[in-house]
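Trainee: Below are the sequence and a predicted model for it; my questions follow.
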Amino acid sequence: MSSRLLLRVAVLTHNRRRSFRLFSSSVATTPYISLGDTFQKDSPGDDGSEIRDVVFFDPVKEEKLIVPDKTFPQELVHSRQIGSSQGWGIFSNDRARSVCLSNVYHPLSPKSNPEIIPLPSLIPLPHNQTGVVWNVAMSSSPSSDEDCVVAIKFLGNQLSLCRPNRDLRWTNIPLQNLANLDTSSLMYSKRDQRLYLPAPGGNELYSWDLHLDHKNKSPKLHQVVFRDLPQLAESEWGVLDLVCSRTEHLVNSASTGERFLVKCYAQGYPCSEKFKYMTRRFMVFREEETTQGRYMCYTEDIEDVCIFLSMSEAFCIQASSCPGLKPNSIYFVGKGVGIYDLADNKIIHAFKAPSFSELYWLPPSCI
């Protein structure tokens, strides 16, 4: 956990009595934003562990929740979180050059004994780096599936895969001969049992089978054909194409098997001698199978579905399964924190929650 994040959360806890409620549930039925932790005291004994409060944000009640007095084992005390997927965090200790998985930031993980799964040390490919992670994806829970695959997409041209508790080293995949995938977000498809990376613009998808042939690490290329593009004024297209940054996210529905491609546009504004980007628009395309082939069709109606976007692996759930969520919407974290209504094509609510890159959506335990 970075010192910057600890500082910001420490400020939030100043008025804990008015801003927080204690987490008390046996089942997490609502997605939460993980806000990190605050140091409380050293753990009794000399094992190097610490006692910390873990903080979350509830988007339904718009409250900060706290799980008090969680034990952080020594392996996590000097580690920073570099990614999140399916409620698990991946942590890196730069001094010890160690990497591990842990569920310490999940609201339902054991308070005194969170799971820690060691991973091989990260080794960069030539002309690449492993210090900055873009996002992480996992095929399943590493605590219940020995075939679980953890995949890390770094900022740059490297993708690394391993099976926890089985692989002694990462399988590193170079990406420099593909499209510019620096800011492409990784997604695992349970339906296809493949990892996907969208190329800029979303016109191409690259995918890898989990049972990767170590002699041939080349991905499978999928051409994407878009249909029914939104009808926007020429001036709006100009702003989106020339002024805004754009990222693409693939999202799979665990309950229905549907697949969506989401384009996120963020507009830059001058702010203290630098640019600050804020979300301007989302476009959602639903994958549809026709007699003529497979298409990504623009839609402003995903019905009962909510999509959750952050630097963790994107996911979607049925709004009716989590009372209080707004259907047909995108809950986003990063360049702003809020709810985007797809029918009205606008941000309908901005959360009073901190907005910075280390925030991750945690899926409810029911999906």
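Mentor: Yep, it's here.

Trainee: mind listing what Pro164 touches?
Mentor: For Pro164, the contacting residues are 101, 117-119, 142, 148, 150, by CB atoms under 8 Å, 6 or more residues apart in numbering. Every residue, glycine included, has its C-beta placed from N, CA and C.

Trainee: Show the pLDDT at it.
Mentor: Pro164 carries a pLDDT score of 93 in this model.

Trainee: got it, and Thr38?
Mentor: On the pLDDT scale, Thr38 gets 89.

Trainee: Now it: which helix or strand?
Mentor: Element membership for Thr38, per DSSP states H and E: strand 32-42.

Trainee: Which neighbouring elements make contact with that strand?
Mentor: helix 3-12, strand 50-58, strand 63-72, strand 360-362 (3 or more CB pairs under 8 Å, 6 or more residues apart in numbering; DSSP states H and E).

Trainee: What separation do you get for Leu195 and Asn328?
Mentor: From Leu195 across to Asn328, the span is 28 Å (CB to CB, to the nearest Å).

Trainee: So between the two, which is more surrounded?
Mentor: Using other CB atoms under 10 Å as the criterion, Leu195 and Asn328 rank with Leu195 on top: 25 against 19.

Trainee: A strand includes the more buried one, no?
Mentor: Yes: residue state for Leu195 (DSSP: H, G, I helix; E, B strand; the rest coil) corresponds to a strand.

Trainee: and it, what is it in contact with?
Mentor: Contacts of Leu195 (CB under 8 Å, 6+ apart): 137, 149, 151, 159, 161, 186-189, 207-208, 210.

Trainee: wait, which of these is closest to Glu289?
Mentor: Among the contacts of Leu195, Ser189 lies closest to Glu289 (CB to CB), at 14.8 Å.

Trainee: Helix or strand for the closest residue to that closest one other than its chain neighbours, just tell me which one.
Mentor: For Ser189, the nearest residue in space outside its immediate sequence neighbours is Asn252; the separation is 5.3 Å by CB to CB, 6 or more residues apart in numbering. Element membership of Asn252 [criterion: DSSP H and E] is strand 244-252.

Trainee: Could you list the alpha-carbon positions for that strand in PDB?
Mentor: Coordinates of each C-alpha in strand 244-252 appear next as PDB, following Å, rounded to 0.1, in the frame of the first residue of the first chain:
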ATOM      1  CA  CYS A 244     -10.400  12.900 -25.200                       C
ATOM      2  CA  SER A 245      -8.400   9.900 -24.200                       C
ATOM      3  CA  ARG A 246     -10.000   6.600 -24.800                       C
ATOM      4  CA  THR A 247      -9.800   3.100 -23.200                       C
ATOM      5  CA  GLU A 248     -11.500  -0.100 -24.000                       C
ATOM      6  CA  HIS A 249     -12.800  -2.700 -21.600                       C
ATOM      7  CA  LEU A 250     -14.200  -6.200 -22.300                       C
ATOM      8  CA  VAL A 251     -16.700  -7.400 -19.800                       C
ATOM      9  CA  ASN A 252     -18.300 -10.800 -19.500                       C
END
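
Trainee: That strand: what's the following helix or strand?
Mentor: Using DSSP H and E, the next helix or strand after strand 244-252 towards the C-terminus is strand 259-271.

Trainee: Buried by neighbour count: which residues of that following strand qualify?
Mentor: Using 16 or more other CB atoms under 10 Å as the test for burial, strand 259-271 gives 259-267.

Trainee: Over to stretch 272-290?
Mentor: Those would be 277-287, for stretch 272-290 by 16+ other CB under 10 Å.

Trainee: quick one: which of the residues you listed sit in strands?
Mentor: Taking DSSP state E, the ones among the buried residues of stretch 272-290 that sit in strands are 277-287.

Trainee: any idea which of the residues you listed is closest to Ser310?
Mentor: The closest of these, once distances to Ser310 are taken by CB to CB, is Thr279, at 11.9 Å.

Trainee: Would you confirm that that closest one contacts Gly268?
Mentor: No: counting by CB atoms under 8 Å, Thr279 stays clear of Gly268, with 11.5 Å between them.

Trainee: any idea which element the residue nearest the centre of the chain lies in?
Mentor: Nearest to the geometric centre of the chain sits Ser312, at 1.0 Å (CA atoms, centre = their mean). According to DSSP H and E, Ser312 maps onto no helix or strand at all.

Trainee: what's the answer for Val239, then?
Mentor: If you go by DSSP H and E, Val239 is part of helix 234-242.

Trainee: could you say what helices and strands that helix packs with?
Mentor: With contacts taken as 3+ CB pairs under 8 Å, 6+ apart, helix 234-242 sits against strand 274-290.

Trainee: ok now the strand it packs on, how far from the chain's centre?
Mentor: Taking the mean of its C-alpha atoms, strand 274-290 sits 16 Å from the chain's own mean (CA atoms, centre = their mean, to the nearest Å).

Trainee: State the mean pLDDT of that strand.
Mentor: Here the average pLDDT along strand 274-290 is 91.

Trainee: can you count the residues close to Tyr206?
Mentor: Residues lying near Tyr206 (other CB under 10 Å) number 22.

Trainee: That one contacts Met187, correct?
Mentor: No: Tyr206 is not in contact with Met187 according to CB under 8 Å; the separation is 11.2 Å.

Trainee: who touches both of these two?
Mentor: With CB under 8 Å, 6+ apart as the test, Tyr206 and Met187 both reach 196-197.

Trainee: which residues does the closest residue to Ser253 other than its chain neighbours contact?
Mentor: Counting by CB to CB, 6+ apart, the nearest residue to Ser253 once its immediate chain neighbours are dropped is Cys316, at 5.2 Å. For Cys316, the contact set (CB under 8 Å, 6+ apart) comprises 251-253, 260, 302, 305-308.
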